[in-house]
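>>> I would like the atomic coordinates for the input below:
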Amino acid sequence: MLKNGLENLLGGSFPEFEGKRLGLLSNQASTDRRLIHARVLLQEKYGAHLTCLFSPQHGFFCEKQDNMIESDHDTDRLTGLPLFSLYGESRRPSKAMFDHLDILLIDLVDVGTRVYTFLYTMAYCLEAAAEFGKKVVVLDRPNPLGGVAVEGNILEPDCASFVGLYPLPMRHGLTFGELALWVNGEFGLGADLQVIPMQGWQRTMLFRDTGFPWVFPSPNMPTPETALVYPGQVIWEGTNISEGRGTTLPFELVGAPFWEHGPILKVLTQDELPGCFFRPLVFEPTSGKWAGQACVGFQLHVTDAGTFMPYRSSLALLQAVLWFCPEGFQYKQPPYEYEYERLPMDLILGSQKVRMELEAGRPIGEMEGDWEEGLQAFKESRRRYFLYS
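Reported below is the predicted structural model:
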């Protein structure tokens, strides 16, 4: 049976924690197998030594929608502990926040995708820990996409932002603990870092293979199936196309009132898009883009998760839309995740060149060939930080 890092901490002996003040970076998805929250379990184990809480983007209870919707500092009603928002007036923890603790525990559900901001909140905490002389302990959890496949272009330095601070591909195949080790080691952050690993997780496991209950880590990540398509479907955030927010199937649905099924499908059938099926439909979002309007689009069904390539599939759909529905298509304009000048699509793709090649109609297979050298270098670097075979 799989045990996550939280459960291994609770069931193990860690004398180095004795007498230390502990902070916890988490949100509502940070539970054990019984769905009991980490802050409750840690307060039971460590009592008054658990001194403060931190939350990432979307708020502690994942109540905040979309990007640049901030959370305020608060007091947790259940534990009485101060709750510091790391997605509010600042994305970086301050010295005053870290004065409450000796060790910061990080227990977050990640979704295996470069643009998911929890990684960068963790990185800022590692930087702060190094600066303020604190220790960071990451309680590891499964990557819901598994730990084998990687996909996409490597982020280019001129596209660095809060949705991409490091040269990662869109799908990186690392657990959150491995990501922490990779960032700290490859980029010399210098934090005193420890990872409490999982027990029983294997790199070939998708989330449904773990037997662990899914708790949504952000408001538009309701199921593990959402996480499977997210590394590709997230690109629509950089456009005026609905990515399914305001429906019960965010990121699985995509469309706009000016789309046409026929021309788009004609092009998609010419691409090699294994493990998925774009099913034509019409949907009407209740909020967000095109709220209250009928959107012609698709539900992206994953038919074989082992061969499915989410980034390639969504890029192919985007390229078809650029060619056959150009009259209504628009890129989202800044701001996006606190970037006020650069095009959001470039930040999401991690490359202005990729966007321009898609617009020019360059075959995606050729583009992937250009990415291979960078992907191979990344694969070699990530192996040095594997915790699981």
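
>>> Secondary structure class of K379, three-state.
At K379 the chain is in helix, as set by DSSP: H, G, I helix; E, B strand; the rest coil.

>>> no wait, L24
What three-state DSSP gives for L24 is strand.

>>> what about the helices in this protein?
Along the chain, counting by DSSP state H, helices occupy 5-11, 38-46, 95-98, 118-132, 176-186, 224-233, 261-268, 310-324, 344-349, 352-359, 364-383.

>>> Now tell me which of the ones you listed the model trusts least on average.
Lowest mean pLDDT within the helices of the chain: helix 261-268, a mean of 92.

>>> Please spell out which residues along it are buried.
With burial defined by 16 or more other C-beta atoms under 10 Å, the residues of helix 261-268 counted as buried are 261, 264, 268. Any C-beta I mention is one placed from the backbone N, CA and C, and that applies to glycine too.

>>> Ok, stretch 216-236 next?
216-222, 224-236.

>>> From S30, how far out is the residue lying closest to K134 once chain neighbours are set aside?
Nearest residue to K134 in three dimensions, chain neighbours excluded: F98, at 5.5 Å (C-beta to C-beta, 6 or more residues apart in numbering). Distance, F98 to S30, using C-beta to C-beta, to the nearest Å: 20 Å.

>>> Which one's more surrounded, those two?
Neighbours per residue (other C-beta atoms under 10 Å) separate F98 from S30, with S30 holding more: 25 against 21.

>>> Now that one: phi and psi?
Dihedral pair for S30: phi -90, psi 80, per degrees, to the nearest 10.

>>> List the single closest residue to M170 in space, sequence neighbours excluded.
In this structure, M170 finds its nearest non-sequential neighbour in G152, 3.3 Å apart by C-beta to C-beta, 6+ apart.

>>> Next, count neighbours for that neighbour.
Other residues lying near G152 total 28 when counted by other C-beta under 10 Å.

>>> go on, E339?
Neighbour number of E339 under other C-beta under 10 Å is 18.

>>> go on, I196?
I196, neighbours per other C-beta under 10 Å, totals 20.

>>> which ones are touching it?
I196 sits next to 5, 8-9, 12, 137-140, 177 when contact means C-beta atoms under 8 Å, 6 or more residues apart in numbering.

>>> I'd like the distance between it and G133.
21 Å.

>>> Over to D192?
For D192, the distance to G133 (C-beta to C-beta) stands at 8 Å.

>>> between these two, who's got more neighbours?
Comparing D192 with G133 by other C-beta under 10 Å, the one with more neighbours is D192, at 14 against 9.

>>> Please name the residues that touch the more buried one.
129-130, 134-136.

>>> Find the residue at the geometric middle of this protein.
Residue closest to the average C-alpha location in the chain (C-alpha atoms, centre = their mean): Y116, at 2.6 Å.

>>> and A48, how many residues sit next to it?
8.

>>> Arrange the contacts of D192 in CSV, one row each, with neighbour count as further columns.
Shown next, in CSV, are the contacts of D192 (neighbours: other C-beta atoms under 10 Å):
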residue, neighbour count
A129, 23
A130, 17
K134, 22
K135, 18
V136, 24
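
>>> Out of those, the closest to S389 would be?
V136 (24.7 Å; C-beta to C-beta).

>>> Hmm, G190 and that closest one touching each other?
No: contact criterion C-beta atoms under 8 Å: V136 and G190 do not qualify, at 11.2 Å.

>>> who wins for proximity to E18 among the helices of the chain?
Closest of these to E18 is helix 38-46, at 9.1 Å (criterion: C-beta to C-beta).

>>> can I have the closest one written out in PDB, keeping just the CAs?
Included here for helix 38-46 are C-alpha records, laid out as PDB according to Å, rounded to 0.1, in the frame of the first residue of the first chain:
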ATOM      1  CA  ALA A  38      -2.000  17.500   7.600                       C
ATOM      2  CA  ARG A  39      -2.300  20.400   9.900                       C
ATOM      3  CA  VAL A  40      -4.700  18.400  12.200                       C
ATOM      4  CA  LEU A  41      -2.400  15.400  12.200                       C
ATOM      5  CA  LEU A  42       0.800  17.500  12.700                       C
ATOM      6  CA  GLN A  43      -0.800  19.400  15.600                       C
ATOM      7  CA  GLU A  44      -1.800  16.100  17.200                       C
ATOM      8  CA  LYS A  45       1.800  14.900  16.900                       C
ATOM      9  CA  TYR A  46       3.800  18.000  17.700                       C
END
